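Asker: generate a structure from the sequence data that follows.
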Amino acid sequence: MLAATAPMEPLVSDNPNPAPAPQSGGDNPDESAAKAEQATQAARPQPRLNINVAEDRKIGDYANFLVVTQSPHDFTLDFCQLLPSGDPSLVNAEVVSRVRIAPTMVARVIQALNTNLNAYEERWGNVRAIG
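Answerer: Numbering: from 1, shown residues only. Predicted coordinates:
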């Protein structure tokens, strides 16, 4: 069994407290209102995120192939297992999980994957592509 060495925090989240905007020398009322709103947001306590995994999902699904498609409304990620077929010129890709996300989440997912890949490679060495 593997144990985490540090508290695990989700890397894909909506941050209700964005970084403050750069200061400017003007007395623009819109800037003052924006600064006041940022100060109000910064003063609010941040809710804790409790991630629950249903008992039947705790093991997860193994995937060794990913197909990504998009529409105007979402991105669809089909996580698959590549399986041999009786025909040597054909490989079956069995979808084990389909996840649909909003386009607004794609950059955050990529950022979270990059952050975690960097942490993985720092701990266990570079990941080498095979095949």
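
Asker: now do the contacts for residue 82.
Answerer: Counting by CB atoms under 8 Å, 6 or more residues apart in numbering, residue 82 makes contact with 64-65, 91-93. Using the backbone N, CA and C atoms, a C-beta is placed for each residue, glycine as well.

Asker: pick the one among those closest to residue 121.
Answerer: Taking CB to CB as the measure, residue 121 lies nearest residue 64 of these, at 19.2 Å.

Asker: returning to what we had before: just the contacts of residue 82 now: which is nearest residue 120?
Answerer: Taking CB to CB as the measure, residue 120 sits nearest to residue 64 out of those, at 16.8 Å.

Asker: that closest one contacts residue 81, correct?
Answerer: Yes: A contact is recorded between residue 64 and residue 81 when judged using CB atoms under 8 Å, the distance being 6.1 Å.

Asker: the residue nearest in space to the middle of the chain: which element?
Answerer: To find the centre residue of the chain, average its C-alpha atoms and take the closest one (CA atoms, centre = their mean): that gives residue 109, at 3.0 Å. Take DSSP states H and E as the rule and residue 109 turns out to sit in helix 103-124.

Asker: and that helix, what's buried?
Answerer: For helix 103-124, burial by neighbour count (16 or more other CB atoms under 10 Å) applies to residue 108.

Asker: which elements pack onto that helix?
Answerer: Judged by 3 or more CB pairs under 8 Å, 6 or more residues apart in numbering; DSSP states H and E, the packing partners of helix 103-124 are strand 75-84.

Asker: now the strand it packs on: how far from the chain's centre is it?
Answerer: Averaging C-alpha positions (CA atoms, centre = their mean, to the nearest Å) puts strand 75-84 18 Å from its chain's average.
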